[in-house]
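In: Fold the stuff below for me.
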Amino acid sequence: MSSTPFDHSIADAEHHLDLPVSVLMPVCNEAAVIEAVLAEWHREVFVRLPAGSELLLDEAASNDGTREILERLRQVYPYLRVTYTPRKDGFGVAARRLYLSARCPWVFFTDSDGQYVPAEFWKLARFTGTFDVIHGAKIGRQDPFLRRLASFSFNTIAHVIFDTHYTDINSAFRLMRREQVVPIVERCRHMPTLLNAELLLRCEFEGLTICQCRVRHRARSDGASRGLPPLSFPGECLRAYRGLRALRTEYLS
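Out: Residues are numbered from 1 along each chain as shown. As a prediction, the model looks like this:
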């Protein structure tokens, strides 16, 4: 059987990615989609990852049956580890727990709602032989207008303040060397809701090598985002902009 171009892309990525990966996902109230999401990650990514790779989920006080589904799926996927927390500590705390719990030389952070396309992981994996951080920036973002407007405003202000060329700075699709990134995660404190953005900016300030790739993005198949409800936008945007100023003061003053 002849290979497709995508098959060649995967083979090339596998050649460069010869060390295990910890795939990290925070999850809360995703019972409608989580089983399909993990099945796609298994089919498109985990069957080709190096031995010893793991899928690490931080489940935070779901009340829709997500926890029970994950307990069942732990028997299906032997590489699945789940950390259960009795309360919703917020995105930043959950993300930090995931990074600090990762065991593999590479860490890959993403969302658990199925909007990112798992097969796009291999676009990033091709660059692991060269870069410390491979940042996946969304193509054709499939989110409601208010979220896209807030993201555009945040990215524009970040570009002005820091003169950075990265797009979609807060994207949750990123492959990183654990030993380089975890110490930086521990210092992130200015933007807990937008920890991905603060982490990328800190990585650039601290001299890590970074590559940006464009990755596909899909509409949610079930309801609105659990991560940032629309009513919280004004307050979170203000906190994000204050966080950018604090980061500028820390590194550029």
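
In: contacts, neighbours, all on C-alpha from now
Out: Fine.

In: so where is the stretch 51-200 of the chain shaky, pLDDT-wise?
Out: Along the stretch 51-200 of the chain, the parts satisfying pLDDT under 70 run over 145.

In: rerun that using 90 as the cut-off
Out: In the predicted model, the stretch 51-200 of the chain carries pLDDT under 90 at residues 61, 85-91, 139-157, 159-160, 163-167, 193.

In: Spell out the residue ranges of the helices in the stretch 1-150 of the chain.
Out: 5-16, 34-44, 66-73, 91-101, 121-125, 145-162 (DSSP state H, counting those that start in this stretch).

In: Which of the ones you listed sits closest to Val182?
Out: Of all those, helix 91-101 sits nearest to Val182, with 6.3 Å by Cα to Cα.

In: From the contact counts, what lies against the closest one?
Out: Counting contacts by 3 or more Cα pairs under 8 Å, 6 or more residues apart in numbering; DSSP states H and E, helix 91-101 packs against strand 21-27, strand 54-60, helix 178-185, helix 195-205.

In: which residues sit against that helix?
Out: 24-26, 56-58, 60, 107, 182, 185-186, 191-195, 227 (Cα atoms under 8 Å, 6 or more residues apart in numbering).

In: what comes up buried for that helix?
Out: Going by neighbour count (16 or more other Cα atoms under 10 Å), the buried part of helix 91-101 is 91-92, 94-99.

In: same question, stretch 201-217
Out: In stretch 201-217, counting by 16+ other Cα under 10 Å, buried: 201-203, 208, 210-217.

In: and the longest helix for the protein?
Out: helix 233-252 (DSSP state H).

In: Just the mean pLDDT for that one, thanks.
Out: For helix 233-252, the mean pLDDT works out to 86.

In: Would you agree Leu49 is in contact with Pro20?
Out: Yes - counting by Cα atoms under 8 Å, Leu49 touches Pro20, with 6.8 Å between them.

In: before we move on, back to that, what's the most distant pair in the buried residues of stretch 201-217?
Out: Among the buried residues of stretch 201-217, Leu208 and His217 lie farthest apart (Cα to Cα), at 26.1 Å.

In: Helix, strand, or coil at Met191?
Out: coil (DSSP: H, G, I helix; E, B strand; the rest coil).

In: Can you give me every residue that contacts it?
Out: Going by Cα under 8 Å, 6+ apart, the list of residues near Met191 reads 92, 197-198, 239-240, 243-244.

In: Please report how far Ser101 lies from Ser22.
Out: 9 Å (Cα to Cα, to the nearest Å).

In: Check the closest residue to Tyr166 other than its chain neighbours and give its pLDDT.
Out: Nearest-residue entry for Tyr166: Gln212, 7.1 Å, with adjacent residues in sequence omitted and distances by Cα to Cα, 6 or more residues apart in numbering. As predicted, Gln212 sits at a pLDDT of 96.

In: The one 3 residues further on now?
Out: Val215 is assigned a predicted lDDT (pLDDT) of 96.

In: Which helix or strand contains it?
Out: Assigned by DSSP states H and E, Val215 belongs to strand 210-216.

In: Report the strands that pair with that strand, each with its relative direction.
Out: In the sheet containing strand 210-216, the strands it pairs with under DSSP bridges are strand 133-139 (parallel).
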